[in-house]
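Colleague: Fold the stuff below for me.
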Amino acid sequence: MRRAVSQSALFSQAKAGPRQEGRVWRIPRPLQGSDTCSCWVSSVNSADVAQQFQYAVRVIGSNFAPTVERDEFLVAEKIKKELIRQRREADAALFSELHRKLHSQGVLKNKWSILYLLLSLSEDPRRQPSKVSSYATLFAQALPRDAHSTPYYYARPQTLPLSYQDRSTQSAQSSGSVGSSGISSIGLCALSGPTPAPQSLLPGQSHQAPGAGDCLRQQLGSRLAWTLTANQPSSQATTSKGIPNALSRNMTRSRREGDTGGPMEVTEAALVRDILYVFQGIDGKNIKMSNTDSCYKVEGKANLSRSLRDTAVRLSELGWLHNKIRRYTDQRSLDRSFGLVGQSFCAALHQELREYYRLLSVLHSQLQLEDDQGVNLGLESSLTLRRLLVWTYDPKIRLKTLAALVDHCQGRKGGELASAVHAYTKTGDPYMRSLVQHILSLVSHPVLSFLYRWIYDGELEDTYHEFFVASDPTVKTDRLWHDKYTLRKSMIPSFITMDQSRKVLLIGKSINFLHQVCHDQTPTTKMIAVTKSAESPQDAADLFTDLENAFQGKIDAAYFETSKYLLDVLNKKYSLLDHMQAMRRYLLLGQGDFIRHLMDLLKPELVRPATTLYQHNLTGILETAVRATNAQFDSPEILRRLDVRLLEVSPGDTGWDVFSLDYHVDGPIATVFTRECMSHYLRVFNFLWRAKRMEYILTDIRKGHMCNAKLLRNMPEFSGVLHQCHILASEMVHFIHQMQYYITFEVLECSWDELWNKVQQAQDLDHIIAAHEVFLDTIISRCLLDSDSRALLNQLRAVFDQIIELQNAQDAIYRAALEELQRRLQFEEKKKQREIEGQWGVTAAEEEEENKRIGEFKESIPKMCSQLRILTHFYQGIVQQFLVLLTTSSDESLRFLSFRLDFNEHYKAREPRLRVSLGTRGRRSSHT
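Modeller: Residues are numbered from 1 along each chain as shown. From the prediction side, this is the model:
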């Protein structure tokens, strides 16, 4: 302090010239404690001494000289520039890559110190130490650090001065830069002698020799001008290259604003002020928002060169972008229905705008610094439009990206909004990609929070319907798995695949199914080992760096463990697989001995009209059949669910038409065996039961043939009828046997084997449900019960009707034949009895009556044959039509069935449409 005051005094003495007439002023100044310092100043005017002393105190108390900025990026940039200056571009690229890797690892904490040490070691030791040349350098260093805080992003003001100015390059006549507070230059002037006149504070300023007050006014500006006397000359010096200093620019502007006689001439300094206001969305004096064109425009009456006008318009685009983003955030921030994802997006935009405002505060402080100090900072550091154009290049890119995001996200919310943001990460620009990834990490944090809450706790708190899993609270518990939880496909973020979203849905659905349907209250921590959630946006950002491994691993682990636990509960506690096998044995007629014995027991009841049946009687017969067959060894839980069901009765129906077996399902197994599935089982059972009845009828017909053939041997005239009945029954037996083989082995057994393999390999309950539905759909279609096979089913039912007609006709024929045989035997027995008694065996009248009755019976035989021929004709016509439909079927197994039904080409000879090879039939059906 004492030395600085002495130097200031010497400087004042040098400015005042040689000591005059011994007039000496002693100025005491209290310092720390009781210490005082005094300086002897020789001057003409005491006011000058006070002014100079005040200036010295201000200089000593200023903070113009900055310390070294601890900015890792700027030091790295300086090293690269130094390498490029030495024509070592390859080394510069290598250094950039190594620095990037060092920055990504995070091993060292003080990377700036290491880089600064390397930079210091690389400097030439013969060079003198350097200092910051001006505020332009300080501002260039502070701008990228203060302007952005997005991770892994740095602005690159490549045109800003980054190097320090050497002392050797400073002019010996210059008084030093503002960054060094002017102290060193003052000392040099004082030591060199009292005669030299002081120079301007900045290099290149013209030499003037007015009074001391005039020189100080040029150096300190409007803030310090009040300390100078009012009667000093007002002439101002201009800087070199025609650039006015801050004071002259302000005075020129004021003078021109007051001039109303012509077009207003606007200085660049005024435009800079307006631009800084426009950056914030505020109209300036000369640049205002045009409502018609929706852009900022320079006032037409402003007298500006074309270059300045174009530059101002280019800079004002930042204000337009700022307004667009700010308008979106203001509208959406208060909208609660926008949801958590939307609010996170607005918060991310606010964060970026806050960084933008920090940049504007730096620019405002620089402009205020020039105005307050009143120092002409000159070409190197003063704010100009060109400098603003350079310094706002990267912020403009960021605002353009944000504005594009705002446009793309209009009308979107939740996962759809996250997808819109994620779409902008697919760009080749690393800076834009890092910006969007940072925003995406904030936007996706609520989505990932929903997700982890769902897969680890089974809880869904989605008030604004943003998550891609939707819940319907009106669905009852029995339909929880099928209907309560669904996917909102529009809300699935694009960074989550459809397979991942399906697994996420299944995980939470399995947890809720266990708790609500299976009544299993096992904590999820025992089911799922990994319980890491996205507690912060940084966790979300970490997941995005490894979506294919880390995120996929979390989803897969939770999916496999939850699904495995659910299947174990269903199989062990609720015996799902045992119930599935029970369906196969009883409803699909897999338990052969039970079905056959049940038919034998039910035959006396089912031949009666359907209206005379009672369910309790049929239930008793069912229990009898169970106890008499191997079905008795099944689990009591399964037998308890087996029951009799009577279908709706139509006029003329018999018990065979309305009887059906039923299997009661409830609880968790009802999720697999739904009402729709049980209705399919009922349809298949009725079809199989009817086909089984046809087989049962034909068996009775064959038994009748074998028994009655011996009894009717004594009626040779009846042999033709018996032969015709035997031939037709044989055709029907062949048809039914082939159909039974097809249904039993090619449809049921093959489909069941596929179902069982899929169930054993199933990873979740949905796989079991899907495999079971495929199984039912397959047997429905191949058993001709679907809508596409309605014509085939009608023909098959017509065949079944002909079999019943044959049974009725044969019963009538056998009844008439047996009655005739019984009468003949009675007549012969009566004749023998009379002969034994010694009487005539028969009288003429009795013989005539007997012959007449035999003649009437013989006359009825052609009618019987005619009836059988008609029945055969109808049957063969139906079978031929059925075969024709089989040949045109799209199912290959049905086409091969037609080949087996007509293996000897018996029907082919009678039907021309069947005279086509099997391969040609397939090709024909494929074309049709």
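Colleague: And the helix or strand where Phe735 lies, what does it pack against?
Modeller: Assigned by DSSP states H and E, Phe735 falls within helix 719-741. On a contact count with 3 or more CB pairs under 8 Å, 6 or more residues apart in numbering; DSSP states H and E, helix 719-741 meets helix 675-711, helix 790-836, helix 844-887, helix 892-901. Yep, even glycine has a C-beta here, placed from its N, CA and C like the rest.
Colleague: could I get these as a markdown table with distance to Leu588?
Modeller: Output for the helices and strands packed on helix 719-741, formatted as a markdown table (distance: least, CB to CB, whole Å):
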| stretch | distance to Leu588 |
| --- | --- |
| helix 675-711 | 6 |
| helix 790-836 | 18 |
| helix 844-887 | 23 |
| helix 892-901 | 18 |
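Colleague: TSV for the ones you listed, including mean neighbour count and distance to Asp335?
Modeller: TSV is the format used below for the helices and strands packed on helix 719-741 (neighbours: other CB atoms under 10 Å; distance: least, CB to CB, whole Å):
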stretch	mean neighbour count	distance to Asp335
helix 675-711	16	43
helix 790-836	16	56
helix 844-887	15	63
helix 892-901	17	60
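Colleague: Tell me which residues of the helix holding Phe735 come out buried.
Modeller: For helix 719-741, burial by neighbour count (16 or more other CB atoms under 10 Å) applies to 721-722, 724-725, 728-729, 731-736, 738-739.
Colleague: And the contacts of that helix?
Modeller: 691-692, 694-695, 698, 701-702, 705, 708-709, 712, 796, 799, 802-803, 806, 810, 813, 817, 861, 864-865, 868-869, 871-872, 875-876, 879, 897, 900-901 (CB atoms under 8 Å, 6 or more residues apart in numbering).
Colleague: could you point out which element follows that helix?
Modeller: The helix or strand immediately downstream of helix 719-741 is helix 750-761, counting by DSSP H and E.
Colleague: Show me what that following helix is packed against.
Modeller: Counting by 3+ CB pairs under 8 Å, 6+ apart, helix 750-761 packs on helix 765-782.
Colleague: quick one, domains of this structure?
Modeller: 268-411, 430-572, 575-673, 687-817+853-914 (the TED database).
Colleague: so how far is the shortest one off the chain centroid?
Modeller: Yep, that's domain 575-673 we're talking about. Relative to its parent chain, domain 575-673 has a centroid offset of 48 Å by CA atoms, centre = their mean, to the nearest Å.
Colleague: Now do the end-to-end distance for that domain.
Modeller: 13 Å (CA to CA, to the nearest Å).
Colleague: measure His726 to Ile701 for me?
Modeller: Here His726 is placed at a distance of 9 Å from Ile701 (CB to CB, to the nearest Å).
Colleague: Please disregard the earlier target; I meant Glu416.
Modeller: Separation of Glu416 from Ile701 (CB to CB): 69 Å.
Colleague: can you put the helices and strands packed on helix 719-741 in TSV and add mean pLDDT and distance to Leu353?
Modeller: Formatted as TSV, those follow (pLDDT from 0 to 100; distance: least, CB to CB, whole Å):
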stretch	mean pLDDT	distance to Leu353
helix 675-711	91	56
helix 790-836	88	68
helix 844-887	89	74
helix 892-901	88	68
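Colleague: between those, which one is nearest to Ile768?
Modeller: Ile768 lies closest to helix 675-711 among these, at 11.9 Å (CB to CB).
Colleague: What is that closest one packed up against?
Modeller: In terms of contacts (3+ CB pairs under 8 Å, 6+ apart), helix 675-711 is packed against helix 592-606, strand 659-663, helix 719-741, helix 765-782, helix 790-836.
Colleague: Show me the contact partners of the first one.
Modeller: With CB under 8 Å, 6+ apart as the test, helix 592-606 has contacts from 585-586, 589, 613, 617-618, 621-622, 624-626, 628-631, 654-656, 659, 692-693, 696.
Colleague: Select from those residues every entry located in helices.
Modeller: Of the contacts of helix 592-606, the ones assigned to helices by DSSP state H are 617-618, 621-622, 624-626, 628, 655-656, 692-693, 696.
Colleague: Distance to Leu115 for these - can I get that in CSV?
Modeller: Listed next are the ones in helices among the contacts of helix 592-606 as CSV, based on distance: CB to CB, whole Å:
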residue, distance to Leu115
Asn617, 98
Leu618, 94
Ile621, 95
Leu622, 90
Thr624, 95
Ala625, 92
Val626, 88
Ala628, 94
Gly655, 97
Trp656, 95
Lys692, 90
Arg693, 94
Tyr696, 96
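Colleague: Need the buried ones from these selected in PyMOL.
Modeller: Buried residues among these (16+ other CB under 10 Å), as a PyMOL selection:
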select buried, resi 618+621+622+625+626+655+656+692+693+696
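Colleague: and which of the ones in helices among the contacts of helix 592-606 is nearest to Arg782?
Modeller: When the ones in helices among the contacts of helix 592-606 are compared against Arg782 (criterion: CB to CB), the nearest one is Lys692, at 17.0 Å.
Colleague: Which of the helices and strands in this structure ranks last by mean pLDDT?
Modeller: Lowest on mean pLDDT, DSSP states H and E among the helices and strands of the chain sits helix 183-192, with a mean of 33.
Colleague: quick one, strands of the protein?
Modeller: In the chain, the segments counted as strands under DSSP state E are 24-30, 36-42, 264-265, 287-290, 295-298, 302-303, 469-471, 485-487, 642-646, 659-663.
Colleague: partners of the fourth one, with directions?
Modeller: I take that to be strand 287-290. strand 295-298 (antiparallel) (DSSP bridges).
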